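[1] Structure for the following, please:
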Amino acid sequence: MTTQKTALRILVEKPTSEKLKALNVLSWPIWTKEVSSFDWSYEEQEICYFLEGEVTVKTPDGDISFGKGDLVIFPQGLQCVWNIKKPVRKHYQFG
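    Next up is the predicted model:
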């Protein structure tokens, strides 16, 4: 019996204003965090829209960077390390 490892990929896009409106992003809570580094595990999917900041997330499949203006989807089950290079302010939604 063989087991396959499924990559848990972070998706990043520059959304249109229409997409942000359709997702109702402006009604989501806001999270802020200073420059720092920390381990994180996603028990459920998170979608977020970055208003400010610059981040590199280290995953088992490599590093990915994003920041202001990016819509990011973190998959359920992802374990990673956040490295915040510029203070973050983002709208977020779990589930």
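[2] pLDDT weak spots in this protein?
    1-7 (pLDDT under 70).
[3] quick one, helices of it?
    Ranges of helices in the chain, per DSSP state H, are 17-23.
[4] So which residue is smack in the middle of it?
    With distances taken as CA atoms, centre = their mean, Val72 lies nearest the centre of the chain, 4.4 Å away.
[5] Identify the residues contacting it.
    Ile10, Leu11, Val12, Ile47, Cys48, Tyr49, Phe50, Phe66 (CB atoms under 8 Å, 6 or more residues apart in numbering). In short, each C-beta sits where N, CA and C put it, glycine included.
[6] got the residues you listed as CSV, with neighbour count and distance to Val57 columns?
    As requested, those are exported to CSV (neighbours: other CB atoms under 10 Å; distance: CB to CB, whole Å):
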residue, neighbour count, distance to Val57
Ile10, 18, 6
Leu11, 11, 12
Val12, 15, 10
Ile47, 17, 15
Cys48, 21, 12
Tyr49, 21, 16
Phe50, 20, 12
Phe66, 20, 8
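[7] for those, which one is nearest Glu34?
    Using CB to CB, Phe50 comes nearest to Glu34 of these, at 15.0 Å.
[8] coming back round to it: of the contacts of Val72, just say which sits nearest to Phe94.
    Ile47 (8.2 Å).
[9] Please name the bridge partners of that closest one.
    Beta-bridge partners of Ile47, counted by DSSP bridges, are Ile73, Gln93.
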